[in-house]
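Asker: could you work out the structure for the sequence below:
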Amino acid sequence: MTKSNQFIWFEKWVIGKQTLEQLVFLTGYSKSTIQRLFKGYLKEPPKLSVYPSERVNLIIDGTYFTNDLCLILYRDNTVKFTQLYRFSSGERYEELKEDLENLLALGVQIESITCDGHRALLRAVKKVCPDVTLQRCVIHVQRMCRIWLSSKPKSIAGQELRRIISTLHLIRTQQQLSFWLLDLANWDAGHHEFVHEKTVNPTTGKYWYKHKLLKCSFSVIMSALPNLFHYLDNPKIPKSTNGLESFFGHLKNNLNVHRGLSYANRKSFLRWYLYFNQLNNRFSKP
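Answerer: Have a look, this model is predicted:
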């Protein structure tokens, strides 16, 4: 097997979902030989290059694997290009702040950032690039509200709010947004007292909200509202992180084909996957 053929088969193993058993059949080499060759590549994973770009519309999101391995991607949505990635045990403020500072230092001009609203990331964006347009993921807000409200709210207020939330992702014009905001305002006016009903402990004087989950759902909307509809003013701004979540789904499916990799080799596999994906995207552009 020539060096170039080795690399082609390795690429098929990483992004083509070819198992070692399938490669044994296709190449005629033993499983141990292929494992030895691939082990050499896994020991020396590639590094992605950051390319200075103007008016980049970033999607930032993280996904988790076993053993507390978190992969955070900073992806240029327009050209589907990963500008930066980080392995960590979680989405941490200091690391996110450092990543954003590095991107700016390397000449990446960020026009917007779309994210799911993780507090650490929101803090990092506010600290490093407060003038960048921040777009909250519409789908994530919708999903969180549905979790709080449940699939079948018992109260009329809950049922009506769920109906309003169900149309959030359908807003495509300023006129539709105006009608949606009016609907939300009318809901708040009609159910404000109900949502804020309290139960008071006569002994301690402490209180709690009777309809806590309903109140939480409304709070999620109001917290995200200032940064929820920037995509209407600039069509280049992605309104959700769905594109990156889909990418994560494909990545995990590929990794699951090769179960049994050590922790170090799994990280190396992910680096190679990102490299091949980047390479294929660049050559597929017209």
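Asker: show me what the lowest-mean-pLDDT helix or strand in the chain is packed against.
Answerer: Of the helices and strands making up the chain, the lowest-confidence element is helix 263-284, at a mean of 85, by mean pLDDT, DSSP states H and E. Applying 3 or more Cβ pairs under 8 Å, 6 or more residues apart in numbering; DSSP states H and E, one finds that helix 263-284 makes contact with helix 3-15, helix 31-43, strand 69-76, strand 81-88, helix 242-257. For the C-beta atoms, the positions are set from N, CA and C on the backbone; glycine is no exception.
Asker: how about the first one as CSV, C-alpha atoms only?
Answerer: Listed in CSV are the C-alpha atoms of helix 3-15, where the atom choice follows Å, rounded to 0.1, in the frame of the first residue of the first chain:
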residue,chain,number,x,y,z
LYS,A,3,1.8,6.3,1.3
SER,A,4,-0.9,8.1,-0.7
ASN,A,5,-3.2,5.1,-0.7
GLN,A,6,-2.7,4.7,3.1
PHE,A,7,-3.9,8.3,3.5
ILE,A,8,-6.9,7.7,1.3
TRP,A,9,-8.0,4.7,3.3
PHE,A,10,-7.4,6.6,6.5
GLU,A,11,-9.7,9.4,5.3
LYS,A,12,-12.3,6.8,4.4
TRP,A,13,-12.0,5.4,7.9
VAL,A,14,-12.4,8.8,9.5
ILE,A,15,-15.2,10.5,7.4
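Asker: what about that helix, average pLDDT?
Answerer: Averaging pLDDT along helix 3-15 gives 88.
Asker: buried residues in it?
Answerer: Across helix 3-15, burial judged by 16 or more other Cβ atoms under 10 Å covers Gln6, Trp9, Phe10, Glu11, Trp13, Val14, Ile15.
Asker: ok, and what's touching the next helix-or-strand element following it?
Answerer: For helix 3-15, the succeeding helix or strand toward the C-terminus, using DSSP states H and E, is helix 20-27. Helix 20-27 is contacted by residues Met1, Asn5, Trp9, Lys12, Trp13, Gln18, Tyr29, Ser30, Lys31, Ile34, Gln35 when judged by Cβ atoms under 8 Å, 6 or more residues apart in numbering.
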